[in-house]
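J.: The sequence and its predicted three-dimensional model are supplied below.
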Amino acid sequence: MNAHTPLFEVRDLRVAFGRNGVFSEAVRGVSLHVDHGEVLGIVGESGSGKSVGMLAALGLQPEGAKVTGSVRFKGQELIGLPRRSLRELRGSRIAMIFQDPLSSLNPVMTVGDQIAEAVRLHNPDFSRKAALDRARDLLALVTIPQPDRRLRQYPHEFSGGMRQRVMIAMAVANDPDLLIADEPTTALDVTVQAQIMDVLADLQSRLKLGLILITHDLGVLAGHADRVAVVYAGQVVEQAVVDDLFARPGHPYTRGLIASIPDMTRESERLFSIDGTPPALGRLPPGCAFNPRCHMAQDICRREAPPASLESGHIVSCHFAFTGLESVA
Amino acid sequence: MTRYILRRLIAMPFLVLGIVTLAFLLTTVTKGDPLTAIVSDRQMNNPEVVAAAKAKWGLDRSLPERYAIYVGNLFQGDMGTSFITRRPVAQDVLHRLPATMELVIAAMIVGATIGISLGVLAAYFHNTAIDHASRLFALFGSSVPVFWLGLALLYVFSVQWGVLPGPGRLDARAVAPPTVTGFMTIDTLLAGEFRLFLDAVWHLILPAFVLGWAVAGTISRLVRANMLEILSREFILTARAKGAGEFRVVVGHALRNTMVPTLTVIGYSFAYLLTGAVLTETIFSWPGMGSYAVDAARGLDFPAIIGVTIVGGVVFLLTNLLTDIAYVVANPRVRLG
């Protein structure tokens, strides 16, 4: 593998859902990549297609969804790969954790058995005992106290934060190269969110994980991501190195997201919010998908989809990319 | 958990007493006169014979007296004497109970196996031909009466095609092994008669299927509905993301989560199976409690009727207890206290 092959590369990924023969795209040509040991943040509102896209990349799309485009992992194409080969990658080389740790764990299996299962699925020669030993070590790795006792407990005996740690332990059970974390802290209390992010960040640097951090909270990415892709209505509208994105947000949507991060240093002030709601599946406005909510929208925005403009590694899809930046900054 | 089971066990004697009382009282409100079963028609006009019969069977006593005597005897394992067989009812019933239990348990296994498999397949392939076929199967099993189904299947499989044996527990020419448990399948094995064992199993298939079909239908519908719900849960996605294969996802993760309600339904279907056994046994000449009960009812054999009712009730109570224990064991969230 040469240095130019990214760990994970998505090109023009499209996911469409059909109803009565009419297909509507939830993911409309997403391209992005993650390198070894890199943290890519994907940010967007709920329903923007960020989770569906990542699931589809691993062959976990909902029934009846049509997936096209290219997804390469270490140079190997995943779209169209036989189910068995995909399965061998999932949970071993590529792992995922989900938003709600309450519903992500099987309620009638002990936590130990669930982690041990992840181990044994990819190491069939492991005995049950050996897998449970590994599970105990993994619980210790994600700093769960008394792992021996915890191993024999059921998910309902764990708090939300502890359950998410279990999910993380399960995900890194086979030392993956890539971890996709889908809103890992959204369902948790604010105080616990920071702990989980710390656990994730710690493991990421220790295990040299490529990490895709999906979130709707741009604030979460500020301290943790290397690069950020902003997704709106199934498309990446802006992609940049994290500091650059915060310093020079090129897309009006990104600026809106940044403005809506609560700022502790400012006195009580109404939180900024972007007017309107994202378009429903299959009800895209003509032109730029963001135009009905954009304060900068002109006639051209309602007519033509914006081209992507590239400026020193900073990609923006907007007719008026970077314009009016001075007034925001 | 032990406290929960203990509580249930303590309640058992009271429930049994309730069954005894009800069974006893029910016979007193029926129209039929038990004397007609004891005394021949011609002797009914002879007051001396009638009085003697009444005195012999205790029918001259008042109701509370008879009840007290009955309960007292019951404590010593005495359920009275059958008017028809002239043998102790307890002996009759115990002699016939294993045959019924064997049939009911076989029907339960058939019903649960077919029901769970069909339910899982129907849910996994929902809205396909498999799903529709399983719906039809369930509907047919629940709506066709046991006596018709029994006769129809006997005619087709035994008479017409000859692939399955006719009525009875063993081939007519076979010599039954000595009775140890009363379960033909177990007794033949205990006697070391493997060919007889196969014959016993062979004879069980059709009646067990006839009796179990409706249960299979009910269970398949329940399992399908639960599976559909469970399969859409997030932990199923987690299992797939771990790299688990579809079989493991469906059976190891999803089905395991539907076991709690399924176990409950299987347990409670026991009452239906006991009732259904009456008709099935009659059709398949099965020497169990069901055919005994039919004879007893026909002959106004009150001691036998009460005896069958009590034993059936107690068996039902026990299975309910087992069901509740299984429920607690299968569900970690209630495995407390």
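T.: Arrived safely.

J.: what does chain A have sitting close to chain B?
T.: Applying Cβ under 8 Å from any Cβ of the partner chain, we find that chain A lies next to chain B at A:55, A:58, A:60, A:87-92, A:95-96, A:98, A:100, A:103-110, A:117-118, A:121-122, A:154, A:156, A:167, A:170. Where C-beta positions appear, they are placed from N, C-alpha and C, glycine not excepted.

J.: Tell me if residue B:127 really is in a strand.
T.: No: looking at residue B:127 with DSSP: H, G, I helix; E, B strand; the rest coil, it is coil, so not inside a strand.

J.: Can you name the element that comes right after the helix or strand where residue A:166 lies?
T.: Per DSSP states H and E, residue A:166 falls inside helix A:160-171. Using DSSP H and E, the helix or strand that follows helix A:160-171 in sequence is strand A:178-182.

J.: how far does that next one sit from the chain's center?
T.: On the basis of Cα atoms, centre = their mean, to the nearest Å, strand A:178-182 sits 6 Å off its chain's mean C-alpha point.

J.: Then stretch B:42-50?
T.: 41 Å.

J.: for it, how far is the first residue from the last?
T.: End-to-end distance of stretch B:42-50 (Cα to Cα, to the nearest Å): 11 Å.

J.: Can you give me every residue that contacts residue A:293?
T.: A:253, A:274-276 (Cβ atoms under 8 Å, 6 or more residues apart in numbering or on different chains).

J.: Kindly recompute the last result at 7 Å.
T.: If a contact means Cβ atoms under 7 Å, 6 or more residues apart in numbering or on different chains, then residue A:293 has A:274-276 as its contacts.

J.: tell me, how many neighbours does the residue lying closest to it once chain neighbours are set aside end up with?
T.: Distances taken as Cβ to Cβ, 6 or more residues apart in numbering or on different chains place residue A:276 nearest to residue A:293, at 4.0 Å, with adjacent residues excluded. By the criterion of other Cβ atoms under 10 Å in any protein chain shown, residue A:276 has 10 neighbours.

J.: Quick check: residue A:276 vs residue A:197, distance?
T.: According to Cβ to Cβ, to the nearest Å, residue A:276 stands 30 Å off from residue A:197.

J.: Residue of the stretch 151-300 of chain B closest to chain A, please.
T.: residue B:243 (3.4 Å; Cβ to the nearest Cβ).

J.: Confirm residue A:255 sits in a helix?
T.: Yes: counting by three-state DSSP, residue A:255 is found in a helix.

J.: what's the offset of stretch A:281-294 from the middle of its chain?
T.: With Cα atoms, centre = their mean, you get 23 Å for stretch A:281-294.

J.: what's the span of it from first residue to last?
T.: End-to-end for stretch A:281-294, by Cα to Cα: 19 Å.

J.: Was I right to think residue A:111 contacts residue A:167?
T.: No: in this structure, residue A:111 is not within contact of residue A:167 by Cβ atoms under 7 Å, at 10.0 Å.

J.: Surely the residue nearest to residue A:293 touches residue A:292?
T.: Yes: assessed by Cβ under 7 Å, residue A:276 is found in contact with residue A:292 at 6.0 Å.

J.: Pull the contacting residues for the residue of the stretch 151-300 of chain A found nearest chain B.
T.: At 4.4 Å from chain B, residue A:154 is the closest residue in the stretch 151-300 of chain A, using Cβ to the nearest Cβ. When contacts are counted by Cβ under 7 Å, 6+ apart, residue A:154 is found next to A:107, A:110-111, B:332.

J.: try residue A:192
T.: Residue A:192 neighbours (Cβ under 7 Å, 6+ apart): A:160-161.

J.: Report pLDDT for it.
T.: Listed pLDDT for residue A:192 reads 88.

J.: And for residue A:15?
T.: pLDDT at residue A:15 comes out at 93.

J.: ok so, going back, so what does the helix holding residue A:166 touch, helix or strand wise?
T.: For helix A:160-171, the packing partners by 3 or more Cβ pairs under 7 Å, 6 or more residues apart in numbering or on different chains; DSSP states H and E come out as strand A:94-97, helix A:101-104, helix A:111-122, helix A:128-141, helix A:190-207.

J.: again, only this time at 6 Å
T.: The helices and strands touching helix A:160-171, judged by 3 or more Cβ pairs under 6 Å, 6 or more residues apart in numbering or on different chains; DSSP states H and E, are strand A:94-97, helix A:101-104, helix A:111-122.

J.: Next, the angle helix A:190-207 makes with that helix.
T.: Relative orientation of helix A:160-171 and helix A:190-207, computed by axes from the mean of the first three to the mean of the last three Cα atoms, to 10 degrees: 20 degrees.

J.: How far does helix A:160-171 sit from its chain's centre?
T.: Using Cα atoms, centre = their mean, the offset of helix A:160-171 from its chain centre is 16 Å.

J.: report the longest helix in chain B, please.
T.: helix B:194-231 (DSSP state H).

J.: Need the residues that contact whichever helix or strand comes after it.
T.: Under the assignment DSSP H and E, the closest C-terminal helix or strand after helix B:194-231 is helix B:234-242. For helix B:234-242, contacts defined as Cβ atoms under 6 Å, 6 or more residues apart in numbering or on different chains pick out A:60, A:90-91, A:96, A:98, A:103-106, A:118, A:121, B:249, B:253.

J.: how does it look with 7 Å?
T.: So helix B:234-242 is contacted by A:60, A:90-91, A:96, A:98, A:100, A:103-106, A:117-118, A:121, A:170, B:249, B:253-254 (Cβ under 7 Å, 6+ apart).

J.: Next: stretch A:109-126.
T.: Stretch A:109-126 has contacts (Cβ under 7 Å, 6+ apart) with A:91-92, A:105-106, A:128, A:131-132, A:134-135, A:138, A:150-155, A:158, A:166, A:169-170, A:173-174, B:242-244.

J.: Report the buried members of these.
T.: Neighbour-count burial (16 or more other Cβ atoms under 10 Å in any protein chain shown) applied to the contacts of stretch A:109-126 gives A:91-92, A:105-106, A:131-132, A:134-135, A:138, A:150-151, A:153-155, A:158, A:166, A:169-170, A:173-174, B:242-244.

J.: before we move on, back to that, burial-wise, tell me which of the helices and strands packed on helix A:160-171 comes out on top.
T.: Each of those was scored by mean neighbour count; the highest is strand A:94-97, a mean of 26, by mean count of other Cβ atoms under 10 Å in any protein chain shown.

J.: Quick check: mean pLDDT of stretch A:218-230?
T.: Taken as a whole, stretch A:218-230 carries a mean pLDDT of 90.

J.: The residue in chain A that chain B sits nearest to and residue A:180, how far apart?
T.: Per Cβ to the nearest Cβ, residue A:91 is where chain A lies closest to chain B, at 3.4 Å. In this view, residue A:91 and residue A:180 are 12 Å apart by Cβ to Cβ.

J.: Just give me the neighbour total for residue 259.
T.: In the absence of a named chain, chain A is used. Using other Cβ under 10 Å: residue A:259 sits among 15 other residues.

J.: that's the wrong chain, I wanted chain B
T.: 19.

J.: Would you agree residue A:318 is in contact with residue A:306?
T.: Yes: shown here, residue A:318 and residue A:306 form a contact pair, counting by Cβ under 7 Å, at 5.0 Å.

J.: and residue A:304, what pLDDT?
T.: According to the prediction, residue A:304 has pLDDT 89.

J.: which residue packs closest to it, ignoring adjacent ones?
T.: That would be residue A:287: by Cβ to Cβ, 6+ apart, it lies 5.6 Å from residue A:304.

J.: now residue A:8
T.: Nearest residue to residue A:8, sequence neighbours excluded (Cβ to Cβ, 6+ apart): residue A:34, at 4.6 Å.

J.: how far away is that neighbour from residue A:227?
T.: In terms of Cβ to Cβ, residue A:34 sits 8 Å off from residue A:227.
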